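Novice: Let me see the structure of the following:
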Amino acid sequence: MISKFHFLRTFRRVTGVTPGRFLSAVRIHEAKHLLSTTTLSVAEISVQVGYGSLGTFTRRFTECVGLSPTAYRRVAQGEPLPGDGEPRPLRDRPAGSLSGTIRAVPRADSPVLVGVFDSPVPRGLPVTSQLVEEPGPWRLDPVPAGRWYLLAAAIGPAVDDRHAPSLLVGMSDELRVCPGRNLPVDLTIRPPDWRYPPLLSVLPGIERLRVTV
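Specialist: Next up, the predicted model:
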């Protein structure tokens with residue numbers, strides 16, 4: 001009972017993304033689940049999650065996840081990430097660094113991935129990343145100079161025997177990394193609530209741990 005434009009503005013203010021982008025994330029998240037838990041073909045999964053074109057689905061999945069549907073299925077079945085999960089090369093770019101402390105609520109039952117992305121809704125592989133054995137102090141060096149968003153993610157405990165472990169995530173506001181300078185960033189990771197679209201990016205080092213999440 002509100003106007004379309006008021007709904008769009010309200011939805012984006014609450015979730016951080018448009019309804020269309022949120023729905024796309026839900027579809028890709030369901031495709032990841034089907035790729036990792038069924039033997040359906042990529043074409044069948046494409047139709048099941050609402051895509052009329054296999055080419056469009058494959059392109060969109062690869063953009064969001066960082067791997068093609070076929071490559072993601074192999075990773076979900078236990079193969080290592082292509083390139084051993086290394087982030088994109090930094091080349092000879094001016095760089096600074098990021099450091100801080102990560103707090104987990106509830107506790108984290110896996111290493112914590114700290115990764116740098118170019119969007120507040122992480123897509124593809126991180127620009128650079130590091131695995132931290134447990135919540136606490138961390139440092140990421142080098143980080144290319146520029147405007148970035150920092151993601152921290154880990155696997156949390158299961159509520160009970162009937163539920164899979166939760167995914168704990170934390171995301172920074174936009175960060176400006178300057179050459180030769182360190183920027184402090186503290187994050188708290190916790191289970192995301194209904195306001196946040198599914199996290200689609202492959203998480204180097206913990207992706208296979210989250211397949212059942």
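
Novice: alpha carbons only for contacts and neighbour counts from here, please
Specialist: Fine.

Novice: low-confidence ranges in this structure?
Specialist: Applying pLDDT under 70 to the chain flags the ranges 82-92, 159-164, 207-213.

Novice: What's the biggest helix in it, counting residues?
Specialist: helix 19-37 (DSSP state H).

Novice: which residues touch it?
Specialist: 8, 11-12, 40, 42, 45-46, 49-50, 61, 64, 69, 72-73, 76-77, 197-200, 211 (Cα atoms under 8 Å, 6 or more residues apart in numbering).

Novice: where's P197, which helix or strand?
Specialist: Here P197 sits in a region with no helix or strand, counting by DSSP states H and E.

Novice: Check the burial of it by counting its neighbours.
Specialist: P197 is flanked by 20 other residues according to other Cα atoms under 10 Å.

Novice: what's it sitting at in phi/psi?
Specialist: P197 adopts backbone torsions of phi -70, psi 160, taken as degrees, to the nearest 10.

Novice: What residues does it make contact with?
Specialist: 15, 22, 25-26 are the contacts of P197 under Cα under 8 Å, 6+ apart.

Novice: any idea how far it is from F11?
Specialist: Distance, P197 to F11, using Cα to Cα, to the nearest Å: 12 Å.

Novice: thinking again about what came up before, tell me the first helix or strand C-terminal of the longest helix of the chain.
Specialist: Moving toward the C-terminus from helix 19-37, the next element (DSSP H and E) is helix 42-48.

Novice: Mind listing what's buried along that next one?
Specialist: Within helix 42-48, the residues that count as buried by 16 or more other Cα atoms under 10 Å are 42, 45-46.

Novice: contacts for that helix?
Specialist: So helix 42-48 is contacted by 31, 34-35, 52-54, 57, 69-70 (Cα under 8 Å, 6+ apart).

Novice: so how far is it from its chain's centroid?
Specialist: 22 Å (Cα atoms, centre = their mean, to the nearest Å).

Novice: which helices and strands sit right next to the following helix or strand past that helix?
Specialist: Downstream of helix 42-48, the first helix or strand assigned by DSSP H and E is helix 54-65. Secondary-structure packing of helix 54-65 (3 or more Cα pairs under 8 Å, 6 or more residues apart in numbering; DSSP states H and E): helix 42-48, helix 69-76.

Novice: Can you add distance to V127 and give those back as CSV?
Specialist: Putting the helices and strands packed on helix 54-65 into CSV (distance: least, Cα to Cα, whole Å) gives the following:
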stretch, distance to V127
helix 42-48, 28
helix 69-76, 19
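
Novice: between the ones you listed, which gets nearest to L167?
Specialist: helix 69-76 (16.1 Å; Cα to Cα).

Novice: Return the next helix or strand after the closest one as CSV; C-alpha atoms alone will do.
Specialist: Downstream of helix 69-76, the first helix or strand assigned by DSSP H and E is strand 95-104. The C-alpha trace of strand 95-104 is given here as CSV (Å, rounded to 0.1, in the frame of the first residue of the first chain):
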residue,chain,number,x,y,z
ALA,A,95,49.9,0.3,-1.6
GLY,A,96,49.1,0.9,2.1
SER,A,97,47.9,-1.6,4.7
LEU,A,98,45.0,-2.4,6.9
SER,A,99,45.0,-3.7,10.5
GLY,A,100,42.7,-4.0,13.5
THR,A,101,40.9,-6.5,15.7
ILE,A,102,38.1,-8.9,14.9
ARG,A,103,35.5,-9.9,17.4
ALA,A,104,33.1,-12.8,16.9
